[in-house]
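Chemist: structure for the following, please:
(2 chains)
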Amino acid sequence: MSETTPMKKPKRPLPKSRVMTNELMDSVYAAAFDAEAKGEPVGWSTSIFPQELCETFGVPILYPENNAAGVAARHDSPRFIAQSEGELGYSNDICSYARLSIGMAHMIATDPNYERPALAMPRPTFLLCATNSCFELLKWYECLSRELNIPIFLQDCLYNYYEEEPASHKVKYARSQLEHNIKRMEEFFGKKFDWDKFLEIQKISNENSRLYDEIVLMNDRDPAPMNGFDLFNYMAPMVVARGKKETTAILLQLKKEIEENIAKGVSTFGSTPQDYRVDWEGIACWPNLGYNLKTMKKYGINCVTNGYVGAWSLKYTPGNLDEMGSQYMQSSTNVNSTLTTMGRRADCASHFQCDGMLCHVNRSCKFMTYHMFVGREIVEEKAKIPVASFDGDQADPTIFNEAQFETRVQSLVDIMKQNKEAKR
Amino acid sequence: MSDIKALLAQFDEISGNPRKMLGEYLANGEKVIGCFPVYTPQPLVTAAGLVPIGLWGGQVNPQVSGKYSPIFTCSILHSCLEYGMSGAYQGLSAALMPILCDTFRGTSAAWRAGVKDIPLIVFIHPQNRKDPGALDYMIEEYKSVKTALEKIAGKEITNRALANALTLYNKRNAAMREFCALANEHLDLITPVARHHVMKAVTFLKPEKAVEMVGELNKALKDQPVCKWTGKKVILTGITAEPDDLLVSFTENKVAVVGDDLAQESRQYRTDYPSANSALESLALQWLEIRGCSLAHDDNNTTRGKMLVELAERTGADGVVLCMMRFCDIEEYDQPYVIKMLQEAGLLAFSVDIDQSTTDSGQARTKIQAFAEN
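Modeler: Alright, predicted model coming up:
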């Protein structure tokens, strides 16, 4: 090391809740690889499929969306995306998570010696697809189904155009699908469904959802005890292991850590003053998460809340299949009308005393972009805060532009500053 | 021959002037319901005494819809929103919108924000079509559409009225399928543009009028000697194959269109309303029976590819052109496998871009020319 080279800042040790999260993720992936090695069923699932079913069957499931986020955050997405766009001929207009996972599936299926990513996935024997997060998921899973020649268990979650609870015929359809999927799975796995265990899994899942919501709400304090971006890290257990007790343990530990922060008057945001509280809307810009965070810290912005991370908080009465089906039909943001979604976001921004909203116009997420385009007026009118947006993508690093991001952040800060001064 | 030319001229006129058709219906004191692509329960509209009219957007460079619609909105819904916001659809009593993709989800939000004078009647098809609950759900969903239409019409839609409408639509479908078969015997008369204009015009016509006009055309075609086509033949697949300039380039290169799997064309007419316990059940069952469409999930995930290969074999097509609607992710997901499957079957298969925001079809023309010379 030369004398002029600055010393690297030592990394802060991870909090216990993060260590536990990493251990849980490792164990979930290990169980899936173990099943593959034994020739047992392994599934790939969309992120808000009723996980309670396979958790009850004890069949390991991995989540391509969660995996793609991890691969992208490690800057390893381009080669899988290139595989899809190149040899396989997919358009770069389709979702980058899809391009990434289809590329990976093709490599897994055709080349046993392919260079595995740090977060490798085993070859699945079946697919679970719920259309609540978006409609593209269904087309994506059709491609995976063709690529790997495996069946799809589909939970069709109808878009809620009206600002009301799903009508009874929709709930009936949701329940019918749950029941039918259970029957199909019994045949496919060659196992009987254990309804008592199912009830237990439902209870655990609900408890985890309740705890998660409680934790998210703890950041409404000023100053916030958490860097809002931390929530992106704790999404993983909610997505991948919502029906496991280990997730309960992680969330209890996290809650304890936040309470300690509150008691000590500190925050995981660090010592930087939290000049502005901002609501981040949309999926994380995973390949550029570090730059996003660094830039916002530079301007004293803590993104104290975001709507996306709460998509996995599904609460229903355990044992009630109608309620369960209905809940899956109402989560996430992209299965609800813009008036519902952005109205809630405006309320949330007000509750968290946000000074502004920063929207990630995620090139891969078409409907979320509509929410932002149409919902901007709703947020500005209801929450009376400025809204800024920037272009990016959840996994394709070619869309995001650092200069544009900082310029948009600067303009948001200018307005938030003026608003604060006007209030004085 | 002159009959055929005169008849085709009528279809040209109608397909190119939907606004004029709307104006005529309104001048007649009729109430008109806009029908977004692709599968709307038009028999309910007819049974209510209302007039269904297809909304297919058009060649327009969007000026106002960008306020609510991202740049990567598929071309057809972008132009529909543009027309809605700019007043081109004024006079419609309502618009029926199926939610068949994410862009529909988004456009329904954008429409509510930007088009205040045309209420939307939104409904959703079940994609889990093999689920035992899918049929009951679809029936109930159509009941909600029925109630909304009855309110506009000011009268009840009876089971008999709907059954009659279904029969009429099945007759229309049969006439369209017969037209497609006859067109292939008269490829000298039914150019790709003429074929498209007939198929599109019918989406702007009342079903009884469509049966009458297409029936007349079919009769006139039957009277003509069969043409032995010596040029190449293709099948078109995708959402739409427009503008005319694109289709003209087939003619210029002596390429005939002998079949299609376009959402704007044959996908509208190839699945009849089956017999059932009630008219509403028949209406709902039709959705469950649709095959080989990118917008209707099928557990057999290569149905579309197989159907195209079979269609090409049946019609003697040399190739298949995938008319790729710009930013239509639904079709984009199907594109690689469909092209691959067709090529593996020994067919020439390639994609051309369909973009309603520009009239420049230069790239597509080059591809068609290369295909003709191959």
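Chemist: from here on, contacts and neighbour counts on C-alpha atoms
Modeler: Noted.
Chemist: wait, what's in contact with the nearest residue to B:Asp117 once chain neighbours are set aside?
Modeler: Spatial nearest neighbour of B:Asp117, excluding adjacent residues (C-alpha to C-alpha, 6 or more residues apart in numbering or on different chains): B:Gln90 at 7.7 Å. Applying C-alpha atoms under 8 Å, 6 or more residues apart in numbering or on different chains, we find B:Gln90 in contact with B:84, B:117-118.
Chemist: residue in the stretch 201-350 of chain A with the shortest distance to chain B?
Modeler: A:Thr338 (6.0 Å; C-alpha to the nearest C-alpha).
Chemist: quick check: closest non-adjacent residue to that residue.
Modeler: Counting by C-alpha to C-alpha, 6+ apart, A:Thr338 lies nearest to A:His371, which is 5.3 Å off, once chain neighbours are set aside.
Chemist: try B:Leu283
Modeler: B:Leu283's closest residue in space is B:Tyr273 (C-alpha to C-alpha, 6+ apart), at 6.0 Å.
Chemist: can I assume that neighbour is in contact with B:Ser282?
Modeler: Yes - between B:Tyr273 and B:Ser282 there is a contact under C-alpha atoms under 8 Å: 5.6 Å.
Chemist: still on that earlier bit, top of the contacts of B:Gln90 by number of neighbours, please.
Modeler: Comparing the contacts of B:Gln90 by number of neighbours (other C-alpha atoms under 10 Å in any protein chain shown), B:Gly84 comes first, having 23 neighbours.
Chemist: my read: that residue touches B:Val115, true?
Modeler: Yes - if you go by C-alpha under 8 Å, B:Gly84 and B:Val115 touch, sitting 5.9 Å apart.
Chemist: low-confidence ranges in chain A?
Modeler: Scanning chain A for pLDDT under 70 picks out A:1-10.
Chemist: all strands of the stretch 301-424 of chain A, in order?
Modeler: Secondary structure of the stretch 301-424 of chain A (DSSP state E, counting those that start in this stretch): strands at A:301-306, A:356-362, A:387-392.
Chemist: which residues are contacting the first one?
Modeler: The list of residues contacting strand A:301-306 from outside it, by C-alpha under 8 Å, 6+ apart, reads A:216, A:219-220, A:224, A:226-229, A:269, A:274-282, A:296, A:349, A:352, A:354.
Chemist: so of those, which ones are in strands?
Modeler: Counted as lying in strands by DSSP state E, out of the contacts of strand A:301-306, are A:276-281.
Chemist: if we look at chain B, which of those residues are close to it?
Modeler: Applying C-alpha under 8 Å from any C-alpha of the partner chain to the ones in strands among the contacts of strand A:301-306, one finds that nothing falls near chain B.
Chemist: turn those into CSV, including neighbour count and distance to B:Val198.
Modeler: CSV is the format used below for the ones in strands among the contacts of strand A:301-306 (neighbours: other C-alpha atoms under 10 Å in any protein chain shown; distance: C-alpha to C-alpha, whole Å):
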residue, neighbour count, distance to B:Val198
A:Tyr276, 23, 61
A:Arg277, 25, 59
A:Val278, 29, 55
A:Asp279, 28, 52
A:Trp280, 27, 50
A:Glu281, 25, 47
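Chemist: show me which of those residues is closest to B:Pro192.
Modeler: A:Glu281 (47.2 Å; C-alpha to C-alpha).
Chemist: spell out which residues of the stretch 301-424 of chain A are next to chain B.
Modeler: Applying C-alpha under 8 Å from any C-alpha, we find that the stretch 301-424 of chain A lies next to chain B at A:337-339, A:366-367, A:369-371, A:373-374.
Chemist: among these, which one is most surrounded by other residues?
Modeler: In terms of neighbours by other C-alpha under 10 Å, these top out with A:Thr338 at 31 neighbours.
Chemist: correct me, but that one touches A:Phe367?
Modeler: No - in this structure, A:Thr338 is not within contact of A:Phe367 by C-alpha under 8 Å, at 9.2 Å.
Chemist: quick one: is stretch A:38-57 near chain B?
Modeler: No - applying C-alpha under 8 Å from any C-alpha, one finds stretch A:38-57 out of contact with chain B, separated by at least 13.9 Å.
Chemist: centre of the chain to that stretch, how far?
Modeler: The chain centre lies 17 Å from the centre of stretch A:38-57; the measure is C-alpha atoms, centre = their mean, to the nearest Å.
Chemist: return the set of buried residues in that stretch.
Modeler: Residues of stretch A:38-57 classed as buried: A:41-57 (neighbour count, 16 or more other C-alpha atoms under 10 Å in any protein chain shown).
Chemist: likewise for stretch A:98-113?
Modeler: Buried residues in stretch A:98-113 (16+ other C-alpha under 10 Å): A:98-108.
Chemist: next one: stretch B:79-92
Modeler: B:79-86, B:89-92.
Chemist: same deal with stretch B:180-190?
Modeler: So, applying 16+ other C-alpha under 10 Å, buried residues of stretch B:180-190: B:180, B:182-190.
Chemist: now do stretch B:163-181
Modeler: For stretch B:163-181, by 16+ other C-alpha under 10 Å, it's B:163-176, B:179-180.
Chemist: now do the helices in the stretch 1-150 of chain B.
Modeler: Applying DSSP state H, counting those that start in this stretch to the stretch 1-150 of chain B gives helices spanning B:2-16, B:18-27, B:42-47, B:75-86, B:102-114, B:134-153.
Chemist: quick one: the fourth one to helix B:102-114, angle?
Modeler: Compare the direction of helix B:75-86 with that of helix B:102-114 by axes from the mean of the first three to the mean of the last three C-alpha atoms, to 10 degrees and you get 10 degrees.
Chemist: quick one: average pLDDT of helix B:75-86?
Modeler: For helix B:75-86, mean pLDDT is 96.
Chemist: can I get that helix in CSV, CA atoms only?
Modeler: Coordinates of each C-alpha in helix B:75-86 appear next as CSV, following Å, rounded to 0.1, in the frame of the first residue of the first chain:
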residue,chain,number,x,y,z
SER,B,75,-48.4,1.0,-29.2
ILE,B,76,-52.0,0.0,-29.4
LEU,B,77,-53.0,1.0,-25.9
HIS,B,78,-51.0,4.2,-26.1
SER,B,79,-52.9,5.2,-29.2
CYS,B,80,-56.2,4.2,-27.7
LEU,B,81,-55.5,6.4,-24.7
GLU,B,82,-54.4,9.2,-27.0
TYR,B,83,-57.7,9.0,-28.9
GLY,B,84,-59.6,8.9,-25.6
MET,B,85,-57.8,11.9,-24.2
SER,B,86,-58.0,13.9,-27.4
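Chemist: quick one: residues in contact with it.
Modeler: B:55-65, B:69, B:89-90, B:103-104, B:107, B:110-111, B:114-115, B:325-328, B:354-357.
Chemist: ok, of the ones in strands among the contacts of strand A:301-306, which one's closest to B:Ser278?
Modeler: Distances from B:Ser278 to those, taken as C-alpha to C-alpha, are shortest for A:Glu281 (47.0 Å).
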